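**Q** Provide a 3D model corresponding to the input given below.
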Amino acid sequence: MRTAICDEYGIDIPVFAFSHSRAVVAAVSKAGGFGVLGAASMTPDELDRALHFIAKESDGKPFGVDFIIPEKYVGREQGGLDMQALQQLIPQGHRDFVETLLDTYHVPPLPDASRDGENIASRAGLGMAHKRAEQMADVALSHQVKLIVNALGVPPAHIIERAHRQGVRVGALVGAVKHAIKQKAAGVDLIVAQGFEAGGHTGEIATMVLAPQVVDVVAPTPVLCAGGIASGRQLAAALALGAQGAWTGSVWLMTQEAETHPVVKEKFINATSSDTLRSRSSTGKPARQLRSAWTDAWEDPNNPDPLPMPLHGTLVAQARRRIAIDATQGGEGGKQLINYFVGQSVGMFKEIRPAAEVLREMNDECDAVLRRIAPRG
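**A** Got it, this is the predicted structure:
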């Protein structure tokens, strides 16, 4: 299965795979797709090491990097606040609520709460600021990446310009037609029309409705379809909507290479497509994730509302780390609270498989569908 975007990006299969796991990114790129590393939670040094790993393990095949550089966040006017300033803006009532929630579920503190807690909160609070984005862009553009992508808004103009000077394409995710228009005007080369069904930060418009509108309004800029795509049939549907390929994320969480928490993988296997919701409980912005005791607590109107980004991520980062450790150790409280970003396609996940096998099956099924609906010869 090839489209024009395959020639443009030097790939064999028009599937772009977003993952926080460098091993998944390398495996997909090596198998003929286009891996995109989610780098929002990384430090510049970690990103540098990850990109070296991907370049080596993918046999030099093309890959990209995804950042989160929101257009709206607390401290944007200053280019991002330092950790001390962020901590001072978090109400004590929110801190007390998080601690009470963890106590209720008997989640123990971190082994070294002072050091680990500070580092974890720092990653969550500073990783999205424009100052950090520039550092991350410096690292990414020092490698042979083919694409950099921003997930929350128009990428900063100087980053777009610098990428273009180096021959690197720039992509962006959109959840509404008006956002697609802004991205094209800014000079973005690839637009991902991401529907309501997708995992992570999403808008409120379904993929089937959003994608063809975006395709029409940004033409001839290429569009990838995103949101609930986890099979070859859905890839074929994306092509029918006018997209040149698919942007996928959730499906890779269930691969052997993924770093998904084992308890979360088990929850995914047992989940239905009705077991996700858009919630601000993880980042402060609406993001689709698996429902759990954690999301239930934050959705309760009797409890505090989530804080805006990046204050909320700073507030809950240490708590979510404590939950993950407790779940790993068999704690029932951690198991009830733990969750992760995932799209409505979670209802399709039944087993854990190698990433290359998932990609090949998606490609073969798409080919079979296209032959069935439009026989060749």
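**Q** nearest spatial neighbour of Ser274, skipping sequence neighbours?
**A** For Ser274, the nearest residue in space outside its immediate sequence neighbours is Gly347; the separation is 7.6 Å by Cβ to Cβ, 6 or more residues apart in numbering. C-betas here are computed from N, CA, C, even on glycine.
**Q** kindly confirm my reading that the one you found is in a helix.
**A** Yes. Going by DSSP: H, G, I helix; E, B strand; the rest coil, the assignment for Gly347 places it inside a helix.
**Q** what residues are up against it?
**A** By Cβ atoms under 8 Å, 6 or more residues apart in numbering, the contact set of Gly347 is 271-275.
**Q** quick one, grab the pLDDT at it.
**A** Reading off the confidence values, Gly347 has pLDDT 96.
**Q** any idea what Leu290 is bridged to?
**A** In this entry, Leu290 is beta-bridged to Thr276, by DSSP bridges.
**Q** and Asp66, helix, strand or coil?
**A** Asp66 carries the three-state label strand when classified by three-state DSSP.
**Q** and for it, the neighbour number?
**A** Counted with other Cβ atoms under 10 Å, the neighbours of Asp66 add up to 26.
**Q** Ile338 versus that one, what's the distance?
**A** 24 Å (Cβ to Cβ, to the nearest Å).
**Q** and what of Glu266?
**A** For Glu266, the distance to Ile338 under the criterion Cβ to Cβ works out to 10 Å.
**Q** and if you look at Val15?
**A** The value you get for Val15 to Ile338, if Cβ to Cβ is used, is 29 Å.
**Q** which one of those two has more residues nearby?
**A** Just comparing Val15 and Ile338: by other Cβ under 10 Å the higher neighbour count belongs to Val15, 29 against 24.
**Q** phi, psi for that one please.
**A** Val15 has phi and psi values of phi -120, psi 120 when expressed as degrees, to the nearest 10.
**Q** out of everything not next to it in sequence, what's closest to it?
**A** The nearest residue in space to Val15 (Cβ to Cβ, 6+ apart) is Gly33, at 4.4 Å.
**Q** for the one you found, which residues are in contact?
**A** Shown here is Gly33, whose contacts under the criterion Cβ under 8 Å, 6+ apart are 11-13, 15-17, 359.
**Q** how deep is Pro220 tucked in, by neighbour count?
**A** Other residues close to Pro220 by other Cβ under 10 Å number 7.
**Q** so it lies in a helix, does it not?
**A** No. Counting by three-state DSSP, Pro220 falls outside a helix, being coil.
**Q** mind checking pLDDT for it?
**A** Looking at Pro220, its pLDDT stands at 97.
**Q** which residues in the stretch 151-300 of the chain form helices?
**A** Counting by DSSP state H, counting those that start in this stretch, one finds helices in the stretch 151-300 of the chain at the ranges 157-165, 177-186, 207-218, 232-240, 262-270, 293-299.
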